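Student: please find the sequence and the predicted model below.
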Amino acid sequence: MPSNNVSRSRSCHVVAMAVPGRGHINPMMNFCKLLASRRDDVLITFVVTEEWLGLIGSDSKPDNIRFGTIPNVTPSERVRATNLLGFLEAVMTKMEDPFEQLLKRLEPPVTTILADTFLFWAVSVGNRMSIPVASFFPMSASVFSMFLHFDLLVQNGHHPIDISERGEERVDYIPGLSSTRIADFPSLLHMQNPTLTRFVQAYSWLPRAQCLLLTSVSELEPQVIDSLKSMFSFPIYPVGPVLPYFNIRDSSSVTTGSDNLNYFQWLDSQPCNSVLYVSFGSVYSVASAQVDEIAAGLRDSGVRFLWVARGEASRVREVCGEMGLVVPWCNQLKVLSHSSIGGFWTHCGWNSTVEGLFSGLPFLTFPLGIDQVSNSKAAVEDWKIGWRVKGQAGVETLVKREEICGIVKRFMNLESNEGKEIRSRARKLQKICQEAAAKGGSSETNVDAFIRYITQLPSH
């Protein structure tokens with residue numbers, strides 16, 4: 001329970017609630033910090049489970065952001081990847097009541113609920129308590145549209161579907177979306193399951209929210225965002241990139257621990273654009289056999305690399321040779337922005353994708369689940385700034401070390417025509433993302449418009 005020692009001069013009180021997972025909490029907190037930095041008369045109560053308070057409670061934040069907690073009613077962050085469907089089911093069925101009870105206790109009165117789109121019950125709570133709800137979508141606008149138009153997949157015989165047999169079939173009937181392989185739709189849309197039903201239910205509640213915030217950039221996905229704006233009667237604010245870009249030049253917290261090298265010192269000693277940064281996210285694990293092939297392929301390529309291998313770091317460090325540095329964790333956005341980094345081998349989670357775009361890097365894509373196949377498709381086919389390492393998405397095949405070695409060497413060849421072309425396009429997208437976030441940019445303008453909207457709402 002947050003303290004009640006709060007200034008009464010606050011113009012509004014926003015309660016923010018994300019799905020309790022890193023890929024949802026990070027963008028929500030980044031956006032809340034952006035709001036708090038723009039208006040010190042806005043109070044934000046950021047609601048997390050007790051477990052997540054232990055994970056992020058000591059992180060630095062503005063004075064006008066405080067934490068509120070609900071009990072641990074969902075599976076632990078440590079095990080959720082082993083039963084993602086069970087985790088999502090708990091998120092959608094067990095968090096509503098403790099969240100509502102917390103709202104009733106909070107002071108000053110709550111004027112806006114800022115809720116993850118997948119927490120559809122937050123709209124119901126807001127409607128019952130007469131509190132306006134802003135829906136916050138932490139993935140791409142294209143993925144939002146894929147879920148929104150799920151009924152079109154059913155009507156066209158593309159759900160349920162066996163992607164090992166029909167994954168290469170193309171869908172060209174989703175408004176605003178370019179032609180897309182069935183295999184490149186989020187994995188939840190391939191099969192019939194209770195969680196998918198809940199996701200569809202989340203979208204049915206959207207018209208009862210007061211506005212929608214997209215963590216994308218208007219100029220990055222213009223057709224799909226324009227299509228969405230024509231479908232809804234409430235305001236839609238694309239506010240991406242939702243990144244802690246205001247902290248990039250902060251020199252604190254650059255080590256991985258007392259028993260690890262300072263990876264920034266290592267990066268400082270490498271030639272410009274010579275290092276491949278490798279990270280596959282914080283949720284899904286790559287199979288050990290595949291990790292071994294990646295380690296051998298990187299070693300044999302002779303390319304410099306920095307690999308965030310999490311729990312596998314000690315084991316793969318022994319295989320990787322002298323050209324690379326293997327660490328269990330790093331400050332990813334700062335690393336991607338370092339002058340020695342010349343490419344990003346990524347799982348294509350949306351946060352990582354946007355960080356790579358903001359840093360002007362080309363991608364090697366290695367999607368593992370959820371929306372990652374869709375983001376990989378955008379990078380490879382729409383933006384043309386990357387190559388796929390994996391073959392057909394959703395089909396488990398081992399990518400051998402010889403193939404990895406070859407594609408890594410080609411990808412990091414800065415003198416080849418194809419290497420120059422993808423890097424040139426990546427720099428153009430970097431300019432788009434950075435200009436959107438800059439003063440007068442599209443996203444900065446949308447953030448200001450959202451702030452004006454919530455500060456004009458009455459207390460309840």
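Tutor: Right, received. Where do you want to start? Since we're looking at a predicted model, the values are computed, not measured.

Student: hmm, residue 270 is touching residue 340, no?
Tutor: Yes: using C-beta atoms under 8 Å, residue 270 is in contact with residue 340, at 4.1 Å. Just so you know, the C-beta spots here come from the backbone N, C-alpha and C atoms, and that holds for glycine as well.

Student: what touches both of these two?
Tutor: By the contact definition C-beta atoms under 8 Å, 6 or more residues apart in numbering, residue 270 and residue 340 are jointly contacted by residue 304.

Student: ranges for the helices of the stretch 1-150 of the chain?
Tutor: 22-38, 50-56, 84-94, 96-105, 121-129, 141-148, 150-155 (DSSP state H, counting those that start in this stretch).

Student: from the contact counts, what lies against the second one?
Tutor: Going back to what we said before, that points to helix 50-56. helix 22-38, strand 65-70 (3 or more C-beta pairs under 8 Å, 6 or more residues apart in numbering; DSSP states H and E).

Student: and residue 323, how far is that from residue 68?
Tutor: 47 Å (C-beta to C-beta, to the nearest Å).

Student: give me the nearest residue to residue 297, chain neighbours excluded.
Tutor: residue 404 (2.7 Å; C-beta to C-beta, 6 or more residues apart in numbering).

Student: ok, now residue 19?
Tutor: That would be residue 116: by C-beta to C-beta, 6+ apart, it lies 4.9 Å from residue 19.

Student: what about the residue nearest to residue 297, is that helix, strand or coil?
Tutor: Assigned by DSSP: H, G, I helix; E, B strand; the rest coil, the conformation of residue 404 is helix.

Student: any idea how far residue 110 is from residue 411?
Tutor: Counting by C-beta to C-beta, the gap from residue 110 to residue 411 is 49 Å.

Student: so the two - more neighbours on which side?
Tutor: With neighbours defined as other C-beta atoms under 10 Å, residue 110 and residue 411 compare such that residue 411 has more, 25 against 22.

Student: my read: the more buried one touches residue 363, true?
Tutor: No: Residue 411 is beyond contact range of residue 363, at 9.1 Å (criterion: C-beta under 8 Å).

Student: anything in contact with each of these two?
Tutor: With C-beta under 8 Å, 6+ apart, residue 411 and residue 363 have common neighbours 343, 387.

Student: ok, longest helix in this structure?
Tutor: helix 417-437 (DSSP state H).

Student: angle of it against helix 22-38?
Tutor: Relative orientation of helix 417-437 versus helix 22-38 (axes from the mean of the first three to the mean of the last three C-alpha atoms, to 10 degrees): 40 degrees.

Student: low-confidence ranges in this structure?
Tutor: The chain contains residues with pLDDT under 70 at 1-10, 246-261, 391-396, 457-460.

Student: how about a cut-off of 50?
Tutor: 1, 3-8, 251-260, 460 (pLDDT under 50).

Student: just give the nearest non-adjacent residue to residue 70, would you?
Tutor: In space, residue 70 is closest to residue 98, 3.9 Å off (C-beta to C-beta, 6+ apart).

Student: contacts only, for that neighbour.
Tutor: By C-beta under 8 Å, 6+ apart, the neighbours of residue 98 are 70-71, 73.

Student: as TSV, the residues you listed with distance to residue 294 and neighbour count would be great.
Tutor: TSV is the format used below for those (distance: C-beta to C-beta, whole Å; neighbours: other C-beta atoms under 10 Å):
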residue	distance to residue 294	neighbour count
70	39	23
71	39	11
73	37	17
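
Student: ok, those residues vs residue 168, which is closest?
Tutor: residue 73 (40.9 Å; C-beta to C-beta).

Student: tell me how far the closest residue to the closest one other than its chain neighbours lies from residue 370.
Tutor: If the residues on either side of it in the chain are set aside, residue 73 comes closest to residue 94, at 4.1 Å by C-beta to C-beta, 6+ apart. Distance from residue 94 to residue 370, counting by C-beta to C-beta: 21 Å.
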